[in-house]
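1. Let me see the structure of the following:
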Amino acid sequence: METETVQSYRLSPQQERLWLLQQKHPGPYRAQCSWLLDGPIDHDKLRAALDALVERHEILRTTFENLSDVLIPVQVISEATSLVWDVEKLEPERHILNLRLPALCADVRSLRNLLSEFSFAYAAADGELATEPMQYADYAAWRHELLASEETKSGREFWRQLDLPELNTQRLPLEQRTSVVEHFDPRALSLTIAPERVAQLEARARDYDCDLSTCMLACYHVLLARLSGQTHIATGTLFDGRRYAELQSAVGLFASYLPVPSHVDSDKTFGTLLRELKQTTQAVRAWEEYFNWEQVFPNEDEVSYFPFGFEYIDDSATSFRAGALSVHRLKEFVLFDRNKIKLSIEKIGDELHLNFQYDAGLLSEQNVNLISRRFETLLTSVLENSEIAIGELSIIPLSEERQLLHDFNNTRVGEFSTHCLHQLVAKQAQLTPDAPAVLSGNENLGYRELSERANQLSHYLQELGVGPDDLVGICVERSATMLVGLLGILGAGGAYVPLDPEYPAERLVFMIQDAQLSVIVTTQDLLDRLPELQGHVVCLDRDAELIRAHSIESAPSSVTIDNLAYVIYTSGSTGRPKGVMISHRSINNRLLWMQSVFPLEPNDRLLQKTVYSFDASVWELFLPLITGAQVFM
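-> Below you'll find the model as predicted:
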């Protein structure tokens, strides 16, 4: 394009904002469209029609030039242009015309104005278009005068007093990074709402004397609040900036994204939120020309854009006649702001076309797909009942809810529903009585001996009153004898509480008192580590003869899989230690799942390396013993 430079003009507020944004957050900011030209083409008329558009709108022959020591460039309008273009034929009577402009020069409405004007100019005999549109440089000057005028104090006051959340608090838990990513990588995921559902949504909006745009915005605010866990939400919402008749046919960047806030309290009804958003949106529209980013967000240095965006475009005119030629709008892409995620809605005919545009540097396609499914579910829930509390509206699809509540939790394996932990070990002892069970130093116990010694201890403990859900402390060095003690406590019906001999005396005292232990299993050499106990102390070595006097058969017990198996105390690093209670059902499910995923075989040995006061010790001790493998200490 050859140009002849004339006069320079100040950028509009929208252009200044975009210029600064793209310096800080580079991205594909542009306005482009593709038009399908169906029919025989007269190339001379085509060129004349395009020349007429460029002649008609100064912004189409505008460049942007930096002046020395000035941060923001100026607009420079050329008096004449000569288009340079190439033609590649798809078919003799079928062409696609691609038009691409900087985002500084056009918005969606501009592209559609150009489409209708091109169709008219091509069909006109002389290519002339009636009436002169407002030129963008004049509009830019008017906006600056408006913002500077003392008569517009009310408009500036409106924006200063609008209740807005801080932009850096507007986050989704699905975001992949916590720091701001400089380069903007927008991608989109599409969704179509069928005519029947659209009609229902329009009827729901009419129930509250609202339009469909506000209804969809309210749904979006609910979704964002439910996903983020925040109740104060603001979306950068698209306003076309053409409230005045003389701006309707103009071309340029008139549109802007303006903050529309709401308080999405969980006990508020959707209908109430919808009415509130209607009032807020009307107020924002009334004062849109007075919005100035730097005045409204003077301290937002890190996040200089709206994290959540929303736009609704209702324009069903997609095709025009241009003499013998049919002109169809195929595709559009307009980007002049950045968002983490933006819901873009266009009503075409009786359908709604939704695009969830997202920053691929922050959100994954998988998570955005999840968001879109939840939005669909929310729409259904709003249609079913818009007067229930927002917190009761459904956002999780039935299929996903079933997966979360049932499929993911359906982890029952093998004999999970009938056997306690010690019973699984006992069953293995019956299958492989002579196989080695545990090797620890000089101690080498087979399954039969381990089971019989544990059974004798179980009978002994029952005589001391141990039964289901009774907590029994065990303070024993890591050894084969320790396993006898653990299985003996479980066989009596009790739940073991590990008391690590290496723990400080104060922690041992706290655990014994907190768990209200009345029975402790230990060895004679560790008695001096334990405080005085008002109850029974069983020494596995000192009391060996008394224990051996009992039956080697399993002790009868009413214990079930819902009774406690053990209680392990937390470290207390973030406060007071807490005893975590685990049932036979829980630990069996864990062990049997591990066996299904990481199977052990009878000839395997598993290294037992974790002290028994940590939960990882449980599967190291018991997984081998329920599968016929060997615990190696």
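2. quick one: low-confidence ranges for the stretch 451-600 of the chain?
-> Scanning the stretch 451-600 of the chain for pLDDT under 70 picks out 573-574.
3. ok, which stretches of it are helices?
-> Secondary structure of the stretch 451-600 of the chain (DSSP state H, counting those that start in this stretch): helices at 480-491, 505-514, 544-548, 584-597.
4. Which one of the ones you listed lies nearest to Cys219?
-> Closest to Cys219 of the helices of the stretch 451-600 of the chain, according to Cβ to Cβ: helix 584-597, at 39.5 Å. All C-beta atoms are positioned from the backbone trio N, CA, C, and that covers glycine.
5. Could you dump the helices of the stretch 451-600 of the chain into JSON lines with distance to Leu370 and mean neighbour count added?
-> JSON lines is the format used below for these (distance: least, Cβ to Cβ, whole Å; neighbours: other Cβ atoms under 10 Å):
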{"stretch": "helix 480-491", "distance to Leu370": "42", "mean neighbour count": "26"}
{"stretch": "helix 505-514", "distance to Leu370": "42", "mean neighbour count": "15"}
{"stretch": "helix 544-548", "distance to Leu370": "58", "mean neighbour count": "14"}
{"stretch": "helix 584-597", "distance to Leu370": "26", "mean neighbour count": "18"}
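6. Looking at the ones you listed, spot the one closest to Leu530.
-> Closest to Leu530 of the helices of the stretch 451-600 of the chain, according to Cβ to Cβ: helix 505-514, at 6.5 Å.
7. Return the alpha-carbon coordinates of the closest one using PDB.
-> C-alpha atoms of helix 505-514 as PDB (Å, rounded to 0.1, in the frame of the first residue of the first chain):
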ATOM      1  CA  ALA A 505       9.000 -38.700  77.000                       C
ATOM      2  CA  GLU A 506       6.700 -35.700  76.700                       C
ATOM      3  CA  ARG A 507       5.200 -36.900  73.400                       C
ATOM      4  CA  LEU A 508       4.700 -40.400  74.800                       C
ATOM      5  CA  VAL A 509       2.900 -39.100  77.900                       C
ATOM      6  CA  PHE A 510       0.700 -36.900  75.700                       C
ATOM      7  CA  MET A 511      -0.300 -39.800  73.400                       C
ATOM      8  CA  ILE A 512      -1.000 -42.200  76.200                       C
ATOM      9  CA  GLN A 513      -3.200 -39.600  78.000                       C
ATOM     10  CA  ASP A 514      -4.900 -38.400  74.800                       C
END
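8. quick one: contacts of that helix?
-> With contacts defined as Cβ atoms under 8 Å, 6 or more residues apart in numbering, helix 505-514 is touched by 473, 475, 497, 499, 503, 517, 520, 529-531, 533, 569, 572, 577, 579.
9. for this structure, longest helix please?
-> Secondary structure assigned by DSSP state H gives helix 365-384 as the longest helix of the chain.
10. on that earlier part again, may I see the helices of the stretch 451-600 of the chain organised as JSON lines, with distance to Gln170 added?
-> Shown next, in JSON lines, are the helices of the stretch 451-600 of the chain (distance: least, Cβ to Cβ, whole Å):
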{"stretch": "helix 480-491", "distance to Gln170": "51"}
{"stretch": "helix 505-514", "distance to Gln170": "43"}
{"stretch": "helix 544-548", "distance to Gln170": "65"}
{"stretch": "helix 584-597", "distance to Gln170": "39"}
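11. Any idea which of the ones you listed gets closest to His43?
-> Nearest of the helices of the stretch 451-600 of the chain (Cβ to Cβ): helix 584-597, 68.2 Å.
12. now the closest one: how far from the chain's centre is it?
-> 31 Å (Cα atoms, centre = their mean, to the nearest Å).
13. Which residues belonging to whichever helix or strand comes after it are considered buried?
-> Note on helix 584-597: by DSSP states H and E, the next helix or strand toward the C-terminus is strand 605-607. Residues of strand 605-607 classed as buried under the neighbour-count rule (16 or more other Cβ atoms under 10 Å) are Leu606.
14. Now the most centrally placed residue in the chain: closest residue in space that isn't a chain neighbour?
-> With distances taken as Cα atoms, centre = their mean, Leu174 lies nearest the centre of the chain, 2.6 Å away. Distance criterion Cβ to Cβ, 6 or more residues apart in numbering; nearest residue to Leu174, sequence neighbours excluded, is Asn367 at 4.2 Å.
15. okay, that neighbour: pLDDT?
-> For Asn367, the pLDDT comes out at 91.
16. before we move on, what about the one 4 residues further on?
-> pLDDT for Ile371: 94.
17. which residues touch the residue nearest to it when sequence neighbours are not counted?
-> Leaving aside its chain neighbours, Ile371 sits nearest to Phe356 (6.3 Å; criterion: Cβ to Cβ, 6+ apart). Residues near Phe356 by Cβ under 8 Å, 6+ apart: Ala188, Leu189, Ser190, Leu191, Ile341, Lys342, Leu343, Ser344, Val368, Ile371, Ser372, Phe375.
18. Then Phe356 would be within a strand, right?
-> Yes - the assignment for Phe356 (DSSP: H, G, I helix; E, B strand; the rest coil) places it in a strand.
19. Bridge partners for it, pull those for me.
-> Going by DSSP bridges, Phe356 is paired in beta bridges with Leu189, Leu343.
20. I'd assumed Gln32 was in contact with Asp98.
-> Quick fix: residue 98 reads Asn, not Asp. Yes - the pair Asn98 / Gln32 is scored as a contact, 7.0 Å apart, by Cβ atoms under 8 Å.
21. Between the two, point out the one with more neighbours.
-> More crowded of Asn98 and Gln32, by other Cβ atoms under 10 Å: Gln32, with 18 against 11.
22. Work out for me the element that one sits within.
-> Assigned by DSSP H and E, Gln32 falls in strand 30-38.
23. Between strand 30-38 and the helix or strand following that strand, find me the angle.
-> For strand 30-38, the following helix or strand on the C-terminal side (DSSP H and E) is helix 43-56. Relative orientation of helix 43-56 and strand 30-38, computed by axes from the mean of the first three to the mean of the last three Cα atoms, to 10 degrees: 150 degrees.
24. quick one, longest strand in the protein?
-> For the chain, the strand with the greatest residue count under DSSP state E is strand 325-335.
25. chain center to it: distance?
-> The chain centre lies 33 Å from the centre of strand 325-335; the measure is Cα atoms, centre = their mean.
26. Buried residues in that strand, which are they?
-> Leu325, Val327, Arg329, Glu332, Val334, Leu335.
27. would a markdown table of the residues you listed with pLDDT and distance to Tyr136 be doable?
-> Formatted as a markdown table, those follow (pLDDT from 0 to 100; distance: Cβ to Cβ, whole Å):
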| residue | pLDDT | distance to Tyr136 |
| --- | --- | --- |
| Leu325 | 91 | 28 |
| Val327 | 93 | 24 |
| Arg329 | 92 | 22 |
| Glu332 | 92 | 20 |
| Val334 | 96 | 16 |
| Leu335 | 96 | 19 |
